[in-house]
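Peer 1: next comes the sequence, and after it the predicted model I'd like to discuss.
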Amino acid sequence: MSAPVEIPKYTKADFESDQDVRWCPGCGDYAILSTVQKALSTLPVRKENHVFVSGIGCSSRFPYYVSTYGFHTIHGRAPAIASGLKASRPDLTVWVVTGDGDALSIGGNHLIHALRRNFDLKILMFNNRIYGLTKGQYSPTSELGKKTKSTPLGSLDYPFNPLALALGAGASFVARSMDTDAKHLGDIVTTAWKHKGTSFVEIFQNCNIFNDGAFTSFTEKPVRDDKQLRVEHGQKLVFAKGTKGIVRRNDRLVVGNLGQDATLDDVLTHDATDPDPSHAFALAALDVPEFPVAMGVLRAVERPTYEEMMSEQIAQARARKPADLHKLLHAGYTWTVK
Amino acid sequence: MSAPVEIPKYTKADFESDQDVRWCPGCGDYAILSTVQKALSTLPVRKENHVFVSGIGCSSRFPYYVSTYGFHTIHGRAPAIASGLKASRPDLTVWVVTGDGDALSIGGNHLIHALRRNFDLKILMFNNRIYGLTKGQYSPTSELGKKTKSTPLGSLDYPFNPLALALGAGASFVARSMDTDAKHLGDIVTTAWKHKGTSFVEIFQNCNIFNDGAFTSFTEKPVRDDKQLRVEHGQKLVFAKGTKGIVRRNDRLVVGNLGQDATLDDVLTHDATDPDPSHAFALAALDVPEFPVAMGVLRAVERPTYEEMMSEQIAQARARKPADLHKLLHAGYTWTVK
Amino acid sequence: MSITAITPSEKRRQEIPHVTIRFVGDSGDGIQLSGDQFTSATAVAGNELATLPDFPAEIRAPAGSLAGVSGFQIQFASHEVYTPGDQPDVLVCMNPAGLKTNLKLLRPGGILIVNTDAFSESNLRKVGYATNPLEDDSLADWTVHKVPLETLTLECIKDLDVPTRTGRMAKNFFALGIMYWMYNRPMDETLTYIDKRIGGKNATLGEANRRLLLAGHAYGETCEMFPVNFTVPQAKIAPGTYRNIRGNEALALGLVAAGVKSGLDVFLGAYPITPASDVLHQLSGYKEFGIRTFQAEDEIAGICSAIGASYGGALGVTLSSGPGIALKQEAMGLAHMVELPLVICNIQRGGPSTGLPTKTEQADLMQAIYGRNGEAPIPVIAAQSPSDAFMAAYEACRIATKYMTPVMLLSDGYIANGAEPWSIPRTEDLPAFSHHFQTSAEGFQPYGRDEQTLSRPWVRPGTPGLEHRIGGIEKAHLSGNISYDPQNHDFMCRMRAEKVQRVQQDIAPTVVNGDADGGDLLILGWGSTYGSITAAVQWARGSGLSVSHAHLRWLNPLPANLGEVLRRYKRVMVPEINLGQLVHLVRSKYLVDARPLNQVRGQPFSVGELVKAIKQMLEVA
Amino acid sequence: MSITAITPSEKRRQEIPHVTIRFVGDSGDGIQLSGDQFTSATAVAGNELATLPDFPAEIRAPAGSLAGVSGFQIQFASHEVYTPGDQPDVLVCMNPAGLKTNLKLLRPGGILIVNTDAFSESNLRKVGYATNPLEDDSLADWTVHKVPLETLTLECIKDLDVPTRTGRMAKNFFALGIMYWMYNRPMDETLTYIDKRIGGKNATLGEANRRLLLAGHAYGETCEMFPVNFTVPQAKIAPGTYRNIRGNEALALGLVAAGVKSGLDVFLGAYPITPASDVLHQLSGYKEFGIRTFQAEDEIAGICSAIGASYGGALGVTLSSGPGIALKQEAMGLAHMVELPLVICNIQRGGPSTGLPTKTEQADLMQAIYGRNGEAPIPVIAAQSPSDAFMAAYEACRIATKYMTPVMLLSDGYIANGAEPWSIPRTEDLPAFSHHFQTSAEGFQPYGRDEQTLSRPWVRPGTPGLEHRIGGIEKAHLSGNISYDPQNHDFMCRMRAEKVQRVQQDIAPTVVNGDADGGDLLILGWGSTYGSITAAVQWARGSGLSVSHAHLRWLNPLPANLGEVLRRYKRVMVPEINLGQLVHLVRSKYLVDARPLNQVRGQPFSVGELVKAIKQMLEVA
Ligand SMILES: Cc1ncc(C[n+]2csc(CCOP(=O)(O)OP(=O)(O)O)c2C)c(N)n1
Ligand SMILES: Cc1ncc(C[n+]2csc(CCOP(=O)(O)OP(=O)(O)O)c2C)c(N)n1
Ligand code: SF4
Ligand code: SF4
Ligand SMILES: [Mg+2]
Ligand SMILES: [Mg+2]
């Protein structure tokens, strides 16, 4: 992602397309769109070098609303299409916008393979814990027992924890943010862009029509501080306005009350760059009500990207022998009839 | 898996089918087959109540050689087919036999969804880190840089750690064993059968034709003790004939040398039943050369199975109202023309 | 018929044989609800009817936008009705977006009832009206009734504790009241609905809606604007008990009935997709029938789980639309190879690719027949109307089980969402449907075959002594072991094809409506074009033309007598909502010069365009 | 021709016009290697030839088992050769399993050369021989030469440091030496191979094999057993530089050539599957040509990554066989909708489902044409022989790019693994192949169209000022914005269909071999039946029958003159290795009473069965 020679001074408006935005009034997607457009305007990348690839879902309509190149593909396949694009065009900044159904249900396999391969893709997964576009069936992130059109008596599947899944797949960058916190989300999106490799960002997004208030247990004002752990690399894992922290006791993570049962020294320090994914995994697993939900960059480990290595192999092959079609066609044993 | 009334006294031979076994001479699959047949003969399940479902691959030929019911399906889809079977026939013991390609490449999505749903399936994944049946392309568990027919200059994808992936997906039972250790494998297979819920067992299997010796770095006699950590629930994580153990230092797992830089007290204790998957994940992530490879049951956590809950919903619905087709057809507003 | 009719003042009544009414407005305007209520009232009034909901393509387009327009059309009559009508006689219009997109449909001279309150400057601007069409002369061709619906509504319930926003949204009941008066519909059914479904949850809102319906009715009766009300006399309807039913609902009930009658447990494995999802929703509510519904992670898992269930001895069903069906083809091949019963419901929608998800089309026929690798024929059956989806689903299940084969059931968006009165069958009158699980080891061969149907035995795992292995690799005749023998492969491919062909034994011969012994033109149709073709043929025959109609229920195999039937006619025309598919099958099979008539506009043929094509083909003016 | 011929003693020579030899043995017996070497030697000898490897279906069946038999057949001649021969004249047999499965193929009176050392009691029992067939009279119909191959081999190299097991495995070179003597083949090429490829890695083994080849040759020359050796005179072969090439190799080279000539980067996204994988293997070795090969997690990711690459301005290619192609259909629909170039190579194999993975079949044609949801036609092209796969692949790429469309290229297992001499084209003689990326914003419309081809512009992301969005939902003409407009949908479906139809502009008219102006019978073929049909027609014409042959390269669209050509003949027969597919297309399209001739035995038609069918059709004895 080397900065091209000349980057125009962009504003958010430069990234707004001429298409009418067609989400329900009040949908969390609006806020995310606005934050991403703003973030784009600050990046040292020319507009035409951004590509947004998406699958199918409310969230996947995103590319139409951003005035860069965009490809609204088929359900679940955006990571595969983006991988092919990035493999052959390492010069582009390739974003993937997807939903919890698109990414984790039909597209789960492409997602985990993209993550292990570490193509330099920026994956933004809007998690509203529901299928919005198809009008409200439960999704792989919906809580057990969820009553929806397809589960009138309650769903029977235990949900995925998307970040845990991503870490299990070997993701080099995982982060979490939410629609309503423009500042935090903007920072995370920018950080995800800076990471070289596959960045996986889970964005909690409210679907006010089919799953309103899915995240209130840790986003509502009264509980917010107590139920969100904002992680920062190199910083102590404290929350609740500094009154609590994550400590390890009997080899398990627990919440320590600072000044009561724990001191700041006991509190663990966040290391997003730990090559062992276990630390990030433990943070990803924290959940309400017992724990706060970890928000921010949980893991950011650099390793060569797939397309880098691919280009390198090609360069080496070319250095070894010239691409001579005539020779190739005549390879092996030939004979001439006169 | 309630024991049926009468179980015949079985021997291994009762589970051998009349089909010629068609693996390459020396293939690790033979040993696994033999161990599984033996284990089957010891279980309190009538022969006709076992079903083996497989995908496509050398490993997936397995069902033909076991004289129970068997279904050799299509590539990668065995978990989905087995889920449907188990959902409608909770009375059967349903085994899934699959390979690293079948389970983690084309079938990755069905696998992770089966794991989160916790159908009572016994999944045996033969990991030979290669595509055997299609004659030797690298697989999602092959090491980076592997030279194969499709990657003459070396593969570019970072491999999956299958147990880490399974844990990330929310698996209730994960274990690891190997083809050549019949005793250990037999125990693990039996334990997997006993677990109520999806059991995921990774079995290292040597493909002597296309990937011979893939596991020697921790299975060869001279290094074996030092490079394998046999985990047992409730036991200390010691290895190397009791001279080493896994300890936590600076919030990271390291190898402690007992009597030198660590004491037995420092050594962590294995808890396979920890509801937080982070402990099992950390063990799954251990790898040579720095660490020994953890073998045994890493996680075994009971929670209701999908088919249990499904049957329960049906029972409740039936208790609430009788299944009256006439009434159903006449539901809502009707009128009669005479 | 026991109908509570409300009798308006006699002097202003006018009798008409049929009428088509279209309601349009914003998605939030309750158009579909109004349509449903009007439909029920019309059924109760004893008319024949057909309906067509027209959903906005966008999930939830901005309020008042062109993309957000929702429509509902109904035709009812004192005679038989086959389509929801080409051109509405009446347009009930809630907002400018509805007017802009629908006015062109209204027949010249037709009645336009319009909610003037919605024609604010901002609403007009939103949809590109420079001036207010209610105020210039652009509506001169029609009879316009301007009603300040929102003002009247709010006025009417001002003493109730209903928020203004909610109150305004209830205006559809006022409009409905007007229409009930105008077409002399009984209101009992709707009042009951209001009391139970709305009032049950919120008594005040129930009261408000009740008042509005009656007020609208009174408004019609008293207001100077409406000089006349209409009566559509009762149609001669076959005796029976009726209900109004949508295609997806009927399809779901057909599956339930198949389960009950056969004694098989039904298992549905599916992934949501428009417009198929509703069948999943429906079935998930029938747990007391032992129906297991499984929302899978994708379409492939959906069909595979159903195959697993069938293997276990259940009646495996899967469903999808558009791209989802394409994804299932590999697994259909497996089901064909292992010869297990399976029903694949394809609720067709506009394609290709994501296409037009909320629109109807018949363009998946060739895919149904040929979409798999290798020689993998499967029976294909099609529903022809909303209520007919019941029997089509039932038959699909019966044949799948009887012949041990996957069967594809074709429906489409038009059938799925359309509704019509359904003469509810008596459960004891449904075709016999049994199943047999092999339990005896005597002479058991996993690929032995029934002499008549060529089906192989169905063995439930758990049956002692019958343990065996099946799979997708070619299998030896009888034993079912893997076989790479060339002759065996040829034999088995032909055997499976022959088995599918034998389904002909269960297919009724082609019946011709019209001149059964031959004539100038036969129209050959399948699926949801049934209504339009029937109406067009009726019209043509009424004008003395020698036009007949045959409609196929099974597309594979074709009825045994079809070729012979086709040859009786000088010309054959095949109208399809695709670019020509069935027409290829019959041309190839019978070498008959059948001619296609095609459109893919996401909507059914209008009777008018069929009539035009008939005239052209017969070269009459 | 510069060929080193080895001259045996003149007196025992006999000249014959053609011969078919079949090598059979265990997978471990080096049968394919022997076959390849014999083929090269035969090409060098100046004969026309065709070959057919016959792999065991099992990956690695137990040694000596029936399932583990590997075969290789070659026909060579002094005249043109179109097939590997129906019935071998000579069978070289390494073990009892080979004898058991192949003896029935050998023509009565043919020569059987058999390795007696393998006929141990245990080996005989393994394959179900009660008595040793070499010792009873069961081989009386053939000329049998019993050679203790292993004994001779071990004796010959006993002084070398070669493990007995390895030595025994080298017996194939001794056998090859005998055959080289018997058919008077030059040995230089094989000796070079031995020295370089075997000796290069292990000098002792190289020396052993060299010795064995020469010893086998000498054995033939001196041994009493072989009374005569044969000469097949050189054929009249068109001038040019030749190499022997397999179909999968030729296909891969065609893709490379397309990349080089067009200046486009080739990207292959694929998942391994038999028999397509070899193309992936080949291409992954051509990195210096900038070819990017991506082994995807499944077939869907394979095609999707290729679509992504095409979107980025590369030439996206994907490939698969059998079930893998079924899985790609949804994504093909997307490529059709977004109108990007894409080549889908389908190396057909025996179906349905997993079917017969290692056998050949032509049963995916209808799936290629109709396998997608909605109206989604794509051009379909077929290779007709191993070397022809080069030009077929090249053309597929050219058309995909020129018309901005996915193209399906059909090959099959027979073509993929078969080999034949290929007259290597000069790179400068390949058809012109350019591409154009739109860069100018002037008048740019994402769905504007070229007047002649109807293709839309190809814009690489990164091009300033041309930013736009595409997708799988129906798009408005010109702007490419999402459009739910009914008329637009109809228009666009027809437009896409018309674009595919326009490919006719690039399709040569049907050429008839035989009586171009008409006659009694036309045989219409496609794909790998080319050789058998050509040979059969040649035979029939030689017997004075009025039989002609036309072979289709493009299956969609069909050549413009095809209907007219078909109508010139009294009868039309369509032989296919399926249960009748092309025959449906032409019957439907041209209403010609074309008759099918079908078999699905996992192998090509024999010339004999075609001849029989021709006679039947013409009612001659
Ligand atoms: C192959 C295929 N299967 C199913 C669908 C129907 N479908 C469209 S979006 C969607 C789920 C969307 O959920 P999510 O990704 O969470 O997006 P959201 O709408 O919630 O933003 C489904 C099932 C489809 N379009 N294509
Ligand atoms: C849909 C489909 N794609 C691809 C294949 C080809 N294929 C068969 S097995 C296999 C991989 C097998 O690898 P693995 O699961 O590791 O099994 P192994 O042979 O190593 O035991 C592949 C790619 C297939 N049969 N079907
Ligand atoms: S359905 Fe939900 S996710 Fe979709 S646009 Fe509406 S509010 Fe947003
Ligand atoms: S190829 Fe490998 S995995 Fe397959 S049977 Fe042979 S040794 Fe076993
Ligand atoms: Mg969602
Ligand atoms: Mg493997």
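Peer 2: In hand now; what should we look at? Ligands and ions are numbered 1, 2, ... in the order given.

Peer 1: per-residue pLDDT, residue 89?
Peer 2: Defaulting to chain A. pLDDT recorded at A:Arg89 is 98.

Peer 1: my bad, chain C
Peer 2: Looking at C:Asp89, its pLDDT is 93.

Peer 1: can you check C:Arg165 too?
Peer 2: For C:Arg165, the pLDDT comes out at 86.

Peer 1: in which helix or strand would I find it?
Peer 2: Per DSSP states H and E, C:Arg165 falls inside helix C:164-169.

Peer 1: against which helices or strands is the next helix-or-strand element following that helix packed?
Peer 2: Beyond helix C:164-169 in the direction of the C-terminus, DSSP H and E gives the next helix or strand as helix C:171-182. Helices and strands touching helix C:171-182, as assessed by 3 or more C-beta pairs under 8 Å, 6 or more residues apart in numbering or on different chains; DSSP states H and E, comprise strand C:18-26, helix C:31-44, strand C:90-93, strand C:111-115, helix C:149-156, helix C:203-222, strand C:229-231. C-beta here means a position set from N, CA and C on the backbone, and glycine is covered the same way.

Peer 1: could you dump those to a markdown table with mean neighbour count?
Peer 2: Compiled in a markdown table, the helices and strands packed on helix C:171-182 are given as follows (neighbours: other C-beta atoms under 10 Å in any protein chain shown):
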| stretch | mean neighbour count |
| --- | --- |
| strand C:18-26 | 25 |
| helix C:31-44 | 23 |
| strand C:90-93 | 28 |
| strand C:111-115 | 23 |
| helix C:149-156 | 20 |
| helix C:203-222 | 20 |
| strand C:229-231 | 16 |
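
Peer 1: identify each buried residue in the helix holding C:Arg165, please.
Peer 2: C:167-169 (16 or more other C-beta atoms under 10 Å in any protein chain shown).

Peer 1: please apply the same query to stretch A:230-250.
Peer 2: A:230-231, A:233, A:236-240, A:244-247.

Peer 1: any low-confidence regions in the chain?
Peer 2: This is for chain A. By pLDDT under 70, the weakly predicted segments of chain A are A:1-5.

Peer 1: wrong chain, I was asking about chain C
Peer 2: C:1-12, C:57-60, C:224, C:621.

Peer 1: identify the residue nearest the geometric centre of it.
Peer 2: Centroid-nearest residue in chain C: C:Ile415, 0.9 Å away (criterion: C-alpha atoms, centre = their mean).

Peer 1: surely that residue meets C:Ala382?
Peer 2: No. Using C-beta atoms under 8 Å, C:Ile415 is not in contact with C:Ala382, being 9.2 Å away.

Peer 1: what's the closest non-adjacent residue to residue 305?
Peer 2: No chain was given, so I picked chain A. Nearest non-adjacent residue to A:Thr305, counting by C-beta to C-beta, 6 or more residues apart in numbering or on different chains: A:Asp120, 4.7 Å away.

Peer 1: my question was about chain C, not that one.
Peer 2: B:Gly84 (3.0 Å).

Peer 1: again, but for A:Pro289
Peer 2: Leaving aside its chain neighbours, A:Pro289 sits nearest to A:Ser217 (7.4 Å; criterion: C-beta to C-beta, 6+ apart).

Peer 1: which element is that neighbour on?
Peer 2: Going by DSSP H and E, A:Ser217 is part of helix A:216-219.

Peer 1: list the buried ones in that helix?
Peer 2: Within helix A:216-219, the residues that qualify as buried are A:218-219, counting by 16+ other C-beta under 10 Å.

Peer 1: can you name the residues in contact with that helix?
Peer 2: Contact with helix A:216-219 is made by A:178, A:180, A:204, A:223-224, A:227-228, A:288-289, A:292-293, as judged by C-beta atoms under 8 Å, 6 or more residues apart in numbering or on different chains.

Peer 1: close to chain B, is stretch C:279-288?
Peer 2: Yes. Against chain B, stretch C:279-288 shows contacts by C-beta under 8 Å from any C-beta of the partner chain at C:286-288.

Peer 1: partners of the single nearest residue of chain C relative to ligand 4 in the sheet?
Peer 2: Among the residues of chain C, C:Ile482 lies closest to ligand 4, at 15.2 Å counting by C-beta to the nearest ligand atom. Beta-bridge pairing for C:Ile482 (DSSP bridges): C:Lys475.

Peer 1: could I get the contacting residues of it?
Peer 2: Shown in contact with C:Ile482 (C-beta under 8 Å, 6+ apart): B:19, B:64, C:471, C:473-476.

Peer 1: apply 10 Å and report the result again.
Peer 2: Taking C-beta atoms under 10 Å, 6 or more residues apart in numbering or on different chains as the criterion, C:Ile482 is in contact with B:19, B:22, B:61, B:64, B:72, C:469, C:471, C:473-476, D:57-58, D:67, D:354, D:356.

Peer 1: do the same with C:Ile178
Peer 2: C:Ile178 touches C:92, C:113, C:145, C:147, C:149, C:152, C:213, C:215-221, C:223, C:225-226, counting by C-beta under 10 Å, 6+ apart.

Peer 1: show me which of those residues neighbour chain A.
Peer 2: The subset of those lying close to chain A, counting by C-beta under 10 Å from any C-beta of the partner chain, is empty.

Peer 1: just the buried members of the residues of stretch C:279-288 next to chain B?
Peer 2: Buried among these (16+ other C-beta under 10 Å): C:286-288.

Peer 1: which parts of the stretch 201-338 of chain A sit against chain D?
Peer 2: So far as C-beta under 10 Å from any C-beta goes, the stretch 201-338 of chain A lies against chain D at A:306-307, A:310-311, A:313-338.

Peer 1: recalculate using a threshold of 6 Å.
Peer 2: By C-beta under 6 Å from any C-beta of the partner chain, the part of the stretch 201-338 of chain A that sits against chain D consists of A:313-314, A:317-318, A:321, A:323, A:325-326, A:329-330, A:332-338.

Peer 1: would you mind listing which of the residues you listed are buried?
Peer 2: Buried among those (16+ other C-beta under 10 Å): A:313-314, A:317, A:323, A:325, A:329, A:334-335, A:337.
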